[in-house]
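Colleague: this one's sequence-less:
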Ligand SMILES: [Zn+2]
């Protein structure tokens, strides 16, 4: 049986569902907590990434200093890494959008706030599988891209290895909100019939209690 797009969501909240949880990444409390968690994840990833260098007697600061003489100036390295990160954020949101669009065909919303960048499909209620695929796809895709690149670059250039590790770390940290929503879908509400409405920064979770 072919699954059509309209089977992935509801236009109206069906009877029997009630709101169980609401989260808002634009809210100061949520935004601050998740950005702190993102930073902690980034630092942890960079500590792990530095272990093989340290074992070989190399220090990342020396690598960056040496690299800034050979490859480009340290200012250019910083600018290039920042630009790469901005491109990554745009691509990350686009992947959410492509997933939502191909699964629902509905109108998307994109935006940036002080605490987050976002993509949502605000006018519908998506079923568990649709919500999970759309929320997790950037995490899965970019982890599969960044991780092998970082490992390969380790054997090519310590400088590029460090920069790719930094991008991977920022990616992993930046995905903590998506991972939290995935946890809610897969663990917290696993036994419930679930619908999620995703406006981008906000997620509304609706469950139906079986009688
Ligand atoms: Zn995301």
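Modeller: Perfect, thanks for sending it. All values derive from a computational prediction rather than experimental measurement.
Colleague: Which other helices and strands does the longest helix seen in the chain contact?
Modeller: Longest among the helix segments of the chain by residue count, using DSSP state H, is helix 74-104. Applying 3 or more Cβ pairs under 8 Å, 6 or more residues apart in numbering; DSSP states H and E, one finds that helix 74-104 contacts helix 60-70, strand 117-127, helix 128-154, helix 158-174. No exception for glycine: its C-beta is placed from N, CA and C like everyone else's.
Colleague: Return the helix or strand in the chain with minimum mean pLDDT.
Modeller: Every helix and strand in the chain was compared by mean pLDDT, DSSP states H and E; the lowest is helix 60-70, with a mean of 69.
Colleague: So which residue is dead centre in this structure?
Modeller: residue 175 (2.9 Å; Cα atoms, centre = their mean).
Colleague: got a list of what that residue touches?
Modeller: By Cβ atoms under 8 Å, 6 or more residues apart in numbering, the contact set of residue 175 is 138, 139.
Colleague: Same question for stretch 176-191: list its buried residues.
Modeller: Under the neighbour-count criterion of 16 or more other Cβ atoms under 10 Å, stretch 176-191 has 176, 177, 178, 180, 181, 182, 184, 185, 189 buried.
Colleague: where in this protein is pLDDT low?
Modeller: Low-confidence segments of the chain, defined by pLDDT under 70: 1-3, 65, 67-72, 210-211.
Colleague: now do 90
Modeller: Along the chain, the model assigns pLDDT under 90 to residues 1-7, 25-31, 53-81, 113-117, 155-160, 162, 191-192, 209-211.
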